[in-house]
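S.K.: I'd like to go over a predicted model; first the sequence, then the structure.
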Amino acid sequence: MNRFTFKLYIIGFGILSLLLRIIAGLFPAWTESLYSRGLYVYIRKIADATITRLPVPWMYVFFIVLIIFIIYKIKNTSIRNYKIQYKNWFLNILAFIGFALSYFLWSWGFNYARVPVADHLKLDLQPMDSTQMLVELEAVRLRALEARKQIPGATEAALNWGHISTDLEELSRIELEKQLQKYGYPTPGKVNIRMLFPKGSLLRNNTSGIYFPFVFEGHVDPGLHPLQQGFTIPHELAHGYGFGDEGTCNFWAYVTCVESGNPFLTYCGELAYRNYLLREIWKRHPYTFKKCIETIPIEIKNDRDAIKAEMKKYPDWLPGVQEIAYDAYLRTQGVSAGIDSYNEVVILVDAWRRKNIK
């Protein structure tokens, strides 16, 4: 098989994979059974037993190899016979897209088409009006303050790394696996969370964490305040265990935190959920939102101010660009709410609490 034919095969496989992704979206039960609980389980196990054992993040290796490959291709491109070169470049780009698309979908991307978690857990999703949101906000405040009081050494001052007595990644992984198994989900392998240095490399792109399916690892910005890491880590772990939707991963992060029995992790979950709830109130009732902010407890206010102080160290390089790009990406994956899907955690948690916590 010559190079030209090989490239055509790659392009064809990319098109076939894309068509299968469209079909998968029409049959979520089949996707759940054949891929999410079938093929992906074995992919996850193999990846975690081999390539993810590298002591450094594979993200570094991936981009170094990619840059070297691009430089090599450019350097070996002759300016002679430019018409032929342009045709080759066009074919190479199509082959690269076909390979990247296929690899993304088969290594993880088909999980976007699985059965929604609300359907599997039989949650009764109901929209919340302003009164219900305010009642829920008060309940969150009480739960958050109660968890915070149980953190050893906690005072009114902002919490910091000194208040953590355990490895957040290991604790989050153990607790997330417990919850997934409790609700009948497989937990293959051992998903890694890597701290992506230098600090701010993700935050300056308006991102706190990212799951990169090409290397089967989740990544968190080490510049995050520990109260943010306590929620972001289980969120990225949930991606690694086969969930694509952002609202779903927020939901699993919340459940992991509040069911962990660890007061610091519980507080992280309630604090993050409170922020999503406030966003919903702000979008619908700006005046009510202002009142909510004015009555914030001093302990939570100090923690919020400490988080803001950390975030100011890493201003966004291109404000708004990441949100537009990621919103478009999510919509292409069948997430109709786009970037707003993060906030769907509010109705998921409400439904989960109504069903499971009496």
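M.R.: Looks like it arrived, so ask away. Being a predicted model, the structure only gives us computed values, none of them experimental.
S.K.: and for the helix or strand hosting L16, what are the contacting residues?
M.R.: Taking DSSP states H and E as the definition, one finds L16 inside helix 3-26. For helix 3-26, contacts defined as C-beta atoms under 8 Å, 6 or more residues apart in numbering pick out 1, 30-31, 35, 91-92, 94-95, 97-102, 105-106, 109-110, 112-113, 334. Where C-beta positions appear, they are placed from N, C-alpha and C, glycine not excepted.
S.K.: hmm, try it at 6 Å
M.R.: By C-beta atoms under 6 Å, 6 or more residues apart in numbering, the surrounding residues in contact with helix 3-26 are 31, 91, 94-95, 98-99, 101-102, 105, 110, 113, 334.
S.K.: beyond that helix, next helix or strand please.
M.R.: Under the assignment DSSP H and E, the closest C-terminal helix or strand after helix 3-26 is helix 28-31.
S.K.: just for the protein, where's the confidence low?
M.R.: Residues of the chain meeting the criterion pLDDT under 70: 76-87, 320-321, 323, 326-327, 330, 335-342, 357-358.
S.K.: what residue lies at the spatial centre of it?
M.R.: For the chain, the residue sitting closest to the mean C-alpha position, by C-alpha atoms, centre = their mean, is E236 at 4.4 Å.
S.K.: domain-wise, how is the chain divided?
M.R.: Per automatic domain parsing, the domain ranges recorded for the chain read 3-113, 117-356.
S.K.: quick check: which of the ones you listed is buried the most?
M.R.: Most buried of the domains of the chain by mean neighbour count (mean count of other C-beta atoms under 10 Å) is domain 117-356; its value is a mean of 18.
S.K.: once you drop chain neighbours, what's closest to G98?
M.R.: Counting by C-beta to C-beta, 6 or more residues apart in numbering, G14 is the residue found nearest to G98 once chain neighbours are left out, at 2.7 Å.
S.K.: all strands for the protein, in order.
M.R.: Assigned by DSSP state E, the strands in the chain fall at 193-195, 209-212, 217-220.
S.K.: can you tell me what sits against the shortest one?
M.R.: The set of residues that contact strand 193-195 without belonging to it, under C-beta under 6 Å, 6+ apart, is 57, 169, 217-220, 222, 233, 236.
S.K.: first-to-last residue distance for stretch 197-213?
M.R.: Its start and end residues considered, stretch 197-213 measures 19 Å (C-alpha to C-alpha, to the nearest Å).
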